[in-house]
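Peer 1: Requesting a structural model of the entry that follows:
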Amino acid sequence: LQKVKNDLEMVLSTVWSKNKQLEEELKREQQWYEEQKQMLETLTKMEEEANTEVEHPSTKRELNELKNKVLILTTYKEELLNALGEFLDEHFPPPEESENIPKKIKSSCFVNFLYLILLIFQMLINTLMTTPHEPYITINESFWPPYIELLLRYGMALRHPEDPNRMRLQAYHK
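Peer 2: Numbering: from 1, shown residues only. Okay, here's the model as predicted:
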């Protein structure tokens with residue numbers, strides 16, 4: 001019995017020492033695991049930053065291309081507006097045309113033309129939306145006849161079948 005007891009005590013001390021060694025090894029492994037985990041997180045962040053840096057130049061290039069296109073379209077729009085203004089000045093002069101009007105004021109004729117046409121359209125659209133069963137507006141002396149004729153001639157508006165002093169917006173949705 002004494003011998004078995006001694007043997008068991010030796011086995012127990014061996015198991016305890018082995019257990020301590022395993023605990024120390026476990027602590028080292030856990031520390032190594034944490035270090036590897038931090039390294040992986042750091043590398044992942046670096047990879048994401050590198051990817052965003054790679055994406056930025058292409059985004060900047062696309063942004064520059066879009067800016068160039070917008071600039072080209074803006075200049076083209078200005079050219080078209082100038083040509084339209086000259087056309088309107090030639091074919092649809094304002095009611096009080098005078099030869100002594102400076103060019104700066106003549107260019108505002110185009111703005112006035114657009115304003116008046118948009119005002120007429122706004123009235124037509126508002127009438128159509130508020131009273132769809134009676135979309136006609138009455139034409140009075142405040143509307144300049146060439147503008148009304150322009151809208152009627154190009155099919156943007158229609159006269160009332162019974163009253164020529166009334167018109168409505170063309171029904172494009174039908």
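Peer 1: tell me the domain boundaries of this protein?
Peer 2: 1-54, 106-169 (the TED database).
Peer 1: Dump those to a markdown table, plus mean pLDDT, distance to L71 and mean neighbour count.
Peer 2: Every C-beta, even on glycine, is put in place using the N, C-alpha and C of the backbone. Shown next, in a markdown table, are the domains of the chain (pLDDT from 0 to 100; distance: least, Cβ to Cβ, whole Å; neighbours: other Cβ atoms under 10 Å):
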| stretch | mean pLDDT | distance to L71 | mean neighbour count |
| --- | --- | --- | --- |
| domain 1-54 | 92 | 27 | 10 |
| domain 106-169 | 83 | 22 | 14 |
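Peer 1: Out of the ones you listed, the one nearest K77 is which?
Peer 2: domain 106-169 (13.2 Å; Cβ to Cβ).
Peer 1: re the thing from before, need the domains of the chain in TSV (columns: distance to E86).
Peer 2: Below are the domains of the chain laid out as TSV (distance: least, Cβ to Cβ, whole Å):
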stretch	distance to E86
domain 1-54	50
domain 106-169	9
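Peer 1: Nearest to L80 among those domains would be which one?
Peer 2: domain 106-169 (11.5 Å).
Peer 1: most centrally placed residue in the chain?
Peer 2: Taking Cα atoms, centre = their mean, the centroid of the chain lies closest to L66, which sits 12.6 Å from it.
Peer 1: among the domains of the chain, which is nearest L81?
Peer 2: Judging these by Cβ to Cβ, what sits closest to L81 is domain 106-169, at 7.3 Å.
Peer 1: Can you say which helix or strand has the residue nearest to the centre of the chain in it?
Peer 2: Using DSSP states H and E, L66 falls within helix 2-91.
Peer 1: centre of the chain versus the following helix or strand past that helix, how much separation?
Peer 2: Later in the chain than helix 2-91, the nearest helix or strand by DSSP H and E is helix 103-130. Its chain's C-alpha centre and that of helix 103-130 lie 27 Å apart, by Cα atoms, centre = their mean, to the nearest Å.
Peer 1: now the angle from helix 103-130 to helix 2-91?
Peer 2: For helix 103-130 against helix 2-91, the angle by axes from the mean of the first three to the mean of the last three Cα atoms, to 10 degrees is 110 degrees.
Peer 1: Packing partners of the very next helix or strand once past helix 103-130?
Peer 2: Next helix or strand after helix 103-130 toward the C-terminus (DSSP H and E): strand 137-138. Helices and strands touching strand 137-138, by 3 or more Cβ pairs under 8 Å, 6 or more residues apart in numbering; DSSP states H and E, are helix 103-130, strand 166-169.
Peer 1: could you dump the ones you listed to CSV with distance to V11?
Peer 2: Below are those laid out as CSV (distance: least, Cβ to Cβ, whole Å):
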stretch, distance to V11
helix 103-130, 97
strand 166-169, 103
